[in-house]
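**Q** Quick check, what structure comes out for this input:
(chains A and B)
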Amino acid sequence: MRDLRQAKGLSQQDLGQALGVSRQTINAIEQGRYDPSLPLAIRIARYFGTTVEGMFHVDGV
Amino acid sequence: MSTESEQERGGGCAKGRNARWVTPVTGVLIGVVYLVVFLARHEVKMAVFGLVAVVGYVTFLALFSGRWEAAALLRGDVTDERRRTIDQQAAALTLRVLSVVLVGGFIVSAARGTGETTWAAMCAVLGAVYIGSTIVLTRRG
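**A** Here you go, the predicted structure:
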C-alpha cells in the first residue's frame, strides 16, 4: 500500500483523510501492525483502482 | 458494510469531533463534584487536590491528543475502526482486571467476615451485565 500511496504523491495524512481514518491507522496498515476490516480493505482497493486480493496478501493462504 | 463506511466518512466524523469534548467536560464536572463533596466535609486539601488532579489530567489530554494517539483515545477521539478496536480491547482488559479484583475482594471479605455483601453485589452486577450483554450481542449478530 505504501508504494501505491507514494506513487500518487500522497502523505499518510492525505490518504487517511480520503479514506476517513486516522494517519496512525494508515501507518499501522502499512507497517503490517493492523489488518483492516473488509469494508476498509475494499475502500482502499477502490481508491487505488485495484482489488482487495491485489492489495492485501494473507500469509500461508 | 457500506453503512460503516458512510458513517466514518461523513456523520461519524462530526460525531467524533463532538465526542472529543465529552471526556474533558465530564472530567471537569467530576472534579467540581469532588470539590463540592470534600468542601462539604471540610476537607479543603483533598477537595483542591481532587479538582487539580482531574483538571490536570484533562488538560494533558487536550494538549497532547493531537500528537499522541493514546491521549487522543483517552480523550474519546475514537474516530475509526482501528481506534474502536483498541478502545474495545482496553475496555475488555479493564473488565478482566476488575473482575479479578472484585472476586478477590469478595473472597478476602468473606474470609474476614466483614463487608462481603457489598463485594457480592458488585460481582453479581458484573456477572449479570456480562451474561446479559453476551445474550444481546449474540442475537444482534
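**Q** make it CA atoms for all contacts and neighbour counts henceforth
**A** Will do.
**Q** you'd agree A:Q13 is up against A:R23?
**A** Yes. Counting by Cα atoms under 8 Å, A:Q13 does reach A:R23; the two are 4.8 Å apart.
**Q** quick one: the helices in the chain?
**A** Let's take chain A. A:2-7, A:12-19, A:23-31, A:38-47, A:52-55 (DSSP state H).
**Q** My question was about chain B, not that one.
**A** B:2-9, B:11-19, B:22-40, B:44-64, B:69-74, B:81-112, B:116-140.
**Q** Out of those, the one nearest chain A is which?
**A** Nearest to chain A among the helices of chain B is helix B:2-9; the distance by Cα to the nearest Cα comes to 4.9 Å.
**Q** Could you pull up the mean pLDDT of that closest one?
**A** For helix B:2-9, mean pLDDT is 45.
**Q** for stretch B:94-106, same thing?
**A** pLDDT averaged over stretch B:94-106 gives 93.
**Q** How about stretch B:134-141?
**A** Per-residue pLDDT over stretch B:134-141 has a mean of 90.
**Q** can you list contacts of the lowest-mean-pLDDT helix or strand in chain A?
**A** In chain A, no helix or strand scores lower on mean pLDDT, DSSP states H and E than helix A:52-55, which sits at a mean of 88. Helix A:52-55 has contacts (Cα atoms under 8 Å, 6 or more residues apart in numbering or on different chains) with A:M1, A:A41, A:I42, A:I44, A:A45.
**Q** The second one: neighbour count?
**A** The number of residues packed near A:A41 is 17, by other Cα atoms under 10 Å in any protein chain shown.
**Q** nearest spatial neighbour of it, skipping sequence neighbours?
**A** A:V52 (6.2 Å; Cα to Cα, 6 or more residues apart in numbering or on different chains).
**Q** do the first one as well
**A** Of all residues not flanking A:M1 in the chain, A:E30 sits nearest, at 6.2 Å (Cα to Cα, 6+ apart).
**Q** any idea how far A:R2 is from the one you found?
**A** 6 Å (Cα to Cα, to the nearest Å).
**Q** ditto for B:V136
**A** From B:V136 to A:R2 the distance is 40 Å (Cα to Cα).
**Q** Comparing the two, which residue is more hemmed in?
**A** A:R2 (15 against 11).
**Q** That one contacts A:G32, doesn't it?
**A** No. Applying Cα under 8 Å as the test, A:R2 and A:G32 come out as separate, 10.9 Å apart.
**Q** quick one: pLDDT of the residue nearest to A:I44 when sequence neighbours are not counted?
**A** Take A:I44 and drop its neighbours on the chain: the residue closest to it by Cα to Cα, 6+ apart is A:L19, 7.1 Å away. pLDDT recorded at A:L19 is 95.
**Q** tally of neighbours for A:L19?
**A** By other Cα under 10 Å, the residues close to A:L19 number 18.
**Q** now the chain, which segments are flagged as low pLDDT?
**A** Went with chain A since none was named. A:60-61 (pLDDT under 70).
**Q** Please refer instead to chain B.
**A** Applying pLDDT under 70 to chain B flags residues B:1-20.
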